[in-house]
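# Sharing a model that was predicted from the sequence below.
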Amino acid sequence: MNDVPGADRRAERGPVLRKGVGIPASGWFDPRGRALGGFAFSLNRVTGLGLVFYLYLHLGVLSLLLGGERSWSDFLRLATSWAFLSLDILLIFGILYHGLNGIRVALVGSGLVADRQRALWWSLGVIGTIALIAATLHIYGSK
Amino acid sequence: MMTSAPRAARDAPRVLIVGGGGTGGALAHDLTLRGLHVTLVERGEFTSGTTGRHHGLLHSGARYAVGDQDSAIECIQENTILRAICPGSFEENDGLFVALTDEDMTYYDDFVRGCKECGIPIQELTTDEALRLEPLLNPGTKAAVRVPDGTMDAMRMPLRFFATAKHHGARLYNFMEVLDLVTGDGAVRGAVVRDHVTGTEGEVHADLVVNATGPWSEAIARMAGVDVAIQPSPGVMLAVRGRLCNMVLNRMHRSGDGDIIVPQRALSVVGTSSWTVDDPDELDVPEDHVRRMWEEGARLVPSVAQAEFRAAWSAARPLIGSGGADSGRELSRTFKAIDHAAEGVEGFVTLTGGKATTLRGMAELCGDVICAKLGVDRPCETRTFVTLPHTAFYADPERRLA
Amino acid sequence: MSSMGTRRFRVYRYKRGDPGWRFDLFVVPVTSRTTVLEALRWTQLHLDRTLALRHSCLHASCGTCGVQVDGREVLACVTPVDELGATITVEPVANIPVLTDLVVDMREFVARFPEEIATVRASEQPAGAVPPDGIGAYGRFEDCIECGLCLSACPVSATSDAYVGPAALAAAQRLLEEPRGVDPDRVLDWADDPSGAWRCHAAFECTAACPSNVRPAERIMALRGALAGRGDRA
């Protein structure tokens, strides 16, 4: 009996849908269909990338010290401007979010607090928000 | 211990099975073990016709012990065999037939006698005993009889037959739709199929074609120029959230609507009703039938009334018998293998009727008919052959069931 | 049944041999009770018989009708059209190869599971219930209906085909919770792998997507707790 037409094509590996826009890992930032945990995951990655970027930026800034007192003073003028300080607030948000969510992931991921991941996100979020507000007030207050 | 059956010899006869429900799958398994080449084509996913939709009852036959004893005996025999050849595919908690009213009680003696006549092991229980087994049962229960019902996964249990047949060389194609049968010289020689995976059409040739399409049997038979008296008879079912019972709960009366609750994982399925249609593809879900499921279900288990809705759907039974039966309930639930040579068409057999529980028995009957026609002297082996786990259909057959 | 109107369905289409995928647009009559699956089956019956759909039980018990509706993993048979917009996008689930149209090939899903899988477990029962003589304890099927929605929703599976995924890990943890004759050390050894329990990053999308209350994320965390608890292996 002849085999049915096209039967051999069934064994092939077909296309695989991935969330996102065709670039690997872009699905991490696709907001459709996400619940809280997925949002926390995406934000963790955004802040992680942001912090890595900041690290290189920071090293670049520190290298200005090699240029002597004048280049460093020029930088300090920039660093105390409103625009720059606002970016510092953003940096503090990134540090707080990534750090506190990291604690959440560690507690949940070791099986210690697996059942309460949403409650943990909100309560650590409250702590982080208070810390961020305090930092913001301190920075603007001291300007 | 699973052993491999020999695959078909090169010149063994070739059978094409049309229809991938439990019937087709069980027949593929039966014929493969007997050394025939088997190809099966199903237009959708396997069990997507009627088989996958039923409430999952592993039938003890008790429902038919008075009015349809042939069917009852078939059920209890297959019930026992299935537990042995598909271990791990059933929730084996038995079932209860429950009398709620005085009218139910008039059926009691006939019911008990009928079960004994059909060889269905039963245990008569007091109200207290029944409520200890199932605390959510209607406290107004007058009497209960324990029967060897069970719950199956309506898709995964039949899938084991597909898996086993596949590993013995059967070619099983879902998403392959028969457009027409190939006929010539008064015989059916194959089928014209459309492959929905590639979008192409072609022909498949065989020594014999089996029509195993359940309520669609009429449509396929017409392609061969014959008639089969199959009456599609749908019924509605209702799934609610919550596992309200562990045993299957049945109302003790002659068949009626909403008289069974089958537990399925964390759902409870209330069934069913019955009407007849011409086209099994166009099935309504009548609202008044669904309401009856809520009402009748709540009579067996009052908690049904507060349970959260999950789904309501219809499935068409393939009932043997001509049009003329109004509700479908009067027709027998037994099964038949029809050799259309009697109508002058060679190479074409219809296997139809039956219940989910009798899939293996149907295949044995049909396998015998087919082997006699094709001159193959091999007995049925499926009574004792332990089937592979359902996952073996997709993966390595060496996976073991815990 | 009175018709409530129509909706536009944007449906993913792919046949082997096509250069690529496309979206077909279908206008489908719906009522307040129509489910996505009913609408798709109507489409198949009346508009395009070549549309391939996976379904079987029609009541969230078999797991075959898993799809993405507007980017969200659901079982089509219990997803009312009523709650959705005027245009509804339906795609196959992600991270599993497509066979045709909305149908995925479950081989790669099943292949991720550990060697031993259990299908029947101890059942919950109402207080005071006593099983009948001859039945030691009430049993019931495991919650997992092998629908693949968890694997589709998992952001790690989006970038790694080696990761065994939530369903497989949850099934393994169930064997720790209720061994049924399986050696727990075998299960832990299987899970103790960079592509096993350690690859999860706690996104919890699997638990959010699961239609059957398996809670795979919590089970993966419990598995990791068990692995951490047993200490270093030589």
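That came in fine, so what should we check first?

# How about the secondary structure of B:Ala337?
On the three-state scheme (DSSP: H, G, I helix; E, B strand; the rest coil), B:Ala337 is labelled strand.

# With the one 4 residues further on instead?
Classification of B:Ala341 into helix, strand or coil gives helix, according to three-state DSSP.

# So it versus B:Gly186, what's the distance?
Here the distance between B:Ala341 and B:Gly186 works out to 9 Å (C-beta to C-beta, to the nearest Å). C-beta here means a position set from N, CA and C on the backbone, and glycine is covered the same way.

# Neighbour count: these two, which is higher?
Comparing B:Ala341 with B:Gly186 by neighbour count (other C-beta atoms under 10 Å in any protein chain shown), the higher total belongs to B:Ala341, at 14 against 11.

# Relative to B:Ile370, how far out is the more buried one?
If you go by C-beta to C-beta, the gap between B:Ala341 and B:Ile370 works out to 12 Å.

# Could you tell me which residues touch both of the two?
Between them, B:Ala341 and B:Ile370 share no neighbouring residue, with contact defined by C-beta atoms under 8 Å, 6 or more residues apart in numbering or on different chains.

# Need the contact partners of the helix or strand of chain A with the lowest mean pLDDT.
Per-element confidence for chain A was summarised using mean pLDDT, DSSP states H and E. The lowest value among helices and strands belongs to helix A:69-79, with a mean of 83. Among residues not part of helix A:69-79, those counted as contacts by C-beta under 8 Å, 6+ apart are A:61, A:64-65, A:84.

# Return the set of buried residues in the helix or strand where B:Ala191 lies.
Assignment of secondary structure by DSSP states H and E places B:Ala191 within strand B:187-195. When neighbours are counted by 16 or more other C-beta atoms under 10 Å in any protein chain shown, the buried residues of strand B:187-195 are found to be B:187-191, B:193-195.

# List the strands paired with the helix or strand following it, with their directions.
The helix or strand immediately downstream of strand B:187-195 is strand B:200-205, counting by DSSP H and E. Paired neighbours of strand B:200-205 in the sheet (DSSP bridges): strand B:187-195 (antiparallel).

# How about the helix or strand of chain C with the lowest mean pLDDT and chain B, touching?
Using mean pLDDT, DSSP H and E, strand C:116-117 stands out as the lowest-scoring helix or strand of chain C, at a mean of 82. Yes. Strand C:116-117 lies in contact with chain B when judged by C-beta under 8 Å from any C-beta of the partner chain; the contacting residues are C:116-117.

# Return the list of helices and strands in contact with that strand.
strand B:400-401 (3 or more C-beta pairs under 8 Å, 6 or more residues apart in numbering or on different chains; DSSP states H and E).

# One more pass at 6 Å, please.
Helices and strands in packing contact with strand C:116-117 are not found; criterion 3 or more C-beta pairs under 6 Å, 6 or more residues apart in numbering or on different chains; DSSP states H and E.

# tell me the centre residue of chain A?
For chain A, the residue whose C-alpha lies nearest the mean C-alpha position (C-alpha atoms, centre = their mean) is A:Thr47; its distance is 1.9 Å.

# doesn't it fall inside a strand?
No. Assignment of A:Thr47 by three-state DSSP gives helix, placing it outside any strand.

# Help me confirm that it comes into contact with A:Tyr97.
Yes. At 5.1 Å, A:Thr47 and A:Tyr97 qualify as touching, with contact defined as C-beta atoms under 6 Å.

# Point me to the residue of chain A nearest chain B.
Per C-beta to the nearest C-beta, the residue of chain A with the smallest distance to chain B is A:Pro5, at 3.0 Å.

# Now that residue: closest residue in space, sequence neighbours ignored.
Distance criterion C-beta to C-beta, 6 or more residues apart in numbering or on different chains; nearest residue to A:Pro5, sequence neighbours excluded, is B:Gly202 at 3.0 Å.

# circling back to that earlier point, from the buried residues of strand B:187-195, which is closest to chain A?
Minimum distance to chain A across those is 4.7 Å, recorded for B:Asp195 (C-beta to the nearest C-beta).

# thought C:Phe113 was touching C:Ala168?
Yes. Counting by C-beta under 6 Å, a contact exists between C:Phe113 and C:Ala168, whose distance comes to 4.6 Å.

# which residues in chain A form helices?
Secondary structure of chain A, counting by DSSP state H: helices at A:36-62, A:69-79, A:82-109, A:117-141.

# repeat for chain C
Along chain C, the stretches classed as helices by DSSP H are C:36-46, C:107-111, C:149-153, C:166-177, C:184-191, C:205-209, C:216-229.

# Pick the most buried one from those helices.
Between these, the one whose residues have the most neighbours on average, counting mean count of other C-beta atoms under 10 Å in any protein chain shown, is helix C:149-153 (a mean of 29).

# model confidence over that helix, on average?
Per-region confidence: helix C:149-153 scores 97 on mean pLDDT.

# Where does pLDDT dip in the chain?
In the absence of a named chain, this looks at chain A. Of all residues in chain A, those with pLDDT under 70 make up the ranges A:1-3, A:143.

# wrong one, chain C
C:1-3, C:232-234.

# Let me see the domain layout of it.
With automatic domain parsing as the criterion, the domains of chain C are listed as C:5-104, C:107-229.

# any chance of these in a markdown table, with distance to B:Cys366 too?
Formatted as a markdown table, the entries for the domains of chain C read as follows, by distance: least, C-beta to C-beta, whole Å:
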| stretch | distance to B:Cys366 |
| --- | --- |
| domain C:5-104 | 23 |
| domain C:107-229 | 29 |
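
# Residue numbers of the stretch 251-400 of chain B in contact with chain A?
On the criterion C-beta under 6 Å from any C-beta of the partner chain, chain A has no neighbours in the stretch 251-400 of chain B.

# Alright, that wraps it up for me.
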